[in-house]
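Chemist: Turn this into a model:
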Amino acid sequence: MGKVIEKFKAGMFSVELDAGSTVLAVMAGKLRRNRIKVMNGDRVTMELSPYDLTRGRITYRHK
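Modeler: Numbering: from 1, shown residues only. Okay, the predicted model is just below:
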């Protein structure tokens, strides 16, 4: 889990993880398809890439 710090163009987000590191993340397809809005300060659940630990995919926005 993490907190969205900054929103970039093309659906990219900078997310600060609970462990303290910062990750560049994109929204998962289901979030885009259902038009879920992710804003600065939102708590999100994400998957990290097994190949590059500085990239991930946002899979859920917590209320």
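
Chemist: Go through stretch 29-39 and flag the buried ones.
Modeler: 31, 38 (16 or more other CB atoms under 10 Å). Placement of C-beta: from N, CA and C, glycine included.

Chemist: With stretch 48-56 instead?
Modeler: For stretch 48-56, the neighbour count (16+ other CB under 10 Å) marks residue 56 as buried.

Chemist: so for it, what's the average pLDDT?
Modeler: In this model, stretch 48-56 has a mean pLDDT of 95.

Chemist: can you pull the alpha-carbon coordinates of it into PDB?
Modeler: What follows is stretch 48-56, C-alpha atoms only, in PDB (Å, rounded to 0.1, in the frame of the first residue of the first chain):
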ATOM      1  CA  LEU A  48       5.300  -4.000  -8.000                       C
ATOM      2  CA  SER A  49       7.000  -5.200 -11.100                       C
ATOM      3  CA  PRO A  50       9.300  -8.200 -10.400                       C
ATOM      4  CA  TYR A  51      11.800  -6.900 -13.000                       C
ATOM      5  CA  ASP A  52      12.000  -3.200 -11.900                       C
ATOM      6  CA  LEU A  53      11.200  -2.400  -8.300                       C
ATOM      7  CA  THR A  54      10.800   1.300  -9.100                       C
ATOM      8  CA  ARG A  55       7.700   0.600 -11.200                       C
ATOM      9  CA  GLY A  56       4.200  -0.700 -10.400                       C
END
